[in-house]
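Trainee: pasting the sequence and the predicted model now:
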Amino acid sequence: MSDETRAVGMQGQGDPMTTRDHGAGGRGCVGAAMLAGYVDGTLTSDEHRTVEGHLADCDNCREVVAETSLAREAMGVPAEVPAAAEPAGRVVTLASRGRRWWPTMGVLAAAAVITVALVIPRMMRPADPSARPELAELVAAVGEARPFEARLTGGFRYGPLAPVMRSGEGGGATPRPEVAAAVAKLEIKALSDSGVASQAAAAAGLLVAGQVPDAVQGLERVTQVEPGRAAYWSDLAAAYLVRATRTGDTEDHRRALEAADRALALAPRLPEALFNRALALDGLGRADEAREAWDRAVAASDSDWRAATRRRSP
């Protein structure tokens, strides 16, 4: 990346390759050229830190970087597994430290893809962050027999908690035949389709089937690969909550709270994330915060879920 390109990336005046007014970041955004250098691994260490600092505070640019990974996959460019989020809440970086994440594309190609992502109208993106058509068959199979209290995204209906029958190995729940069949289909599809949506759906299915450790591992992986999808963070919060009920580990309530907060940073009114956040605060014994969280969850819920959430709140 040339010095001239870097300068343009930091000081642009309305050029779509430079600083733009696009959402949460406003005029402080670093611009497509700098983001391109970031994902291409060509920035200096100071520039890299500057971009990472910006990504920590800008939801829009984080989403742009995540979307760029999907564009890269569509082009057939090999992916590198992104680094895990740092404990202090730093953004997941798609340029793994010290390594080129986009080795076969130059910075200009990366900048072009990111520029397209920056100028896509928000109205063209999915309006419902919890929309999960890949889970439709599982949702129908589960029906109103909820397997656990935490909420998964995808349109699962409210109903009484189903009694959990323990299987012999691993302590997992024994799902009804129709649920087991839907889960099996998701697992089979995930074996032939490495896409994030398929992997996330399979992990959700494992959670419904009571295979909690595998579900947690799968959802942790998809949130690393695609950190800009609120539904995946919310489902990870649900998985931590289910594991907490089985092990009694308070640390999982803390993990659930962090995951729910990540989801709500991307989609502030996501009902499932609000519900899971309130459950996590309950589990941590933070009564005052939990009471406020339940009020928010009630306001964002609809139909039967609203009544159930109101009853659940203190």
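Mentor: Cool, got the structure.
Trainee: only C-alpha atoms for contact and neighbour calcs from this point on.
Mentor: Fine.
Trainee: and residue 140, how many neighbours does it have?
Mentor: 15 (other Cα atoms under 10 Å).
Trainee: that one falls within a helix, correct?
Mentor: Yes - counting by DSSP: H, G, I helix; E, B strand; the rest coil, residue 140 falls inside a helix.
Trainee: so for it, what's the pLDDT?
Mentor: Here, the pLDDT recorded for residue 140 equals 94.
Trainee: equivalent analysis for residue 234, please.
Mentor: In this prediction residue 234 is given a pLDDT of 97.
Trainee: now do residue 12
Mentor: Reading off the confidence values, residue 12 has pLDDT 36.
Trainee: what helices and strands are in contact with the helix or strand residue 223 falls within?
Mentor: Here residue 223, judged by DSSP states H and E, is contained in helix 212-225. Applying 3 or more Cα pairs under 8 Å, 6 or more residues apart in numbering; DSSP states H and E, we find helix 212-225 packed against helix 196-208, helix 230-247.
Trainee: I'd like the next helix or strand past the longest one.
Mentor: Read it as helix 230-247. The first helix or strand that comes after helix 230-247 along the chain, using DSSP H and E, is helix 250-266.
Trainee: about what we covered before: can you tell me which of the helices and strands packed on helix 212-225 is packed in deepest?
Mentor: Highest mean neighbour count among the helices and strands packed on helix 212-225 (mean count of other Cα atoms under 10 Å): helix 230-247, with a mean of 27.
Trainee: can you give me the neighbour number for residue 250?
Mentor: Residue 250 is flanked by 16 other residues according to other Cα under 10 Å.
Trainee: would you turn the helices and strands packed on helix 212-225 into JSON lines with distance to residue 157?
Mentor: As requested, the helices and strands packed on helix 212-225 are exported to JSON lines (distance: least, Cα to Cα, whole Å):
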{"stretch": "helix 196-208", "distance to residue 157": "13"}
{"stretch": "helix 230-247", "distance to residue 157": "15"}
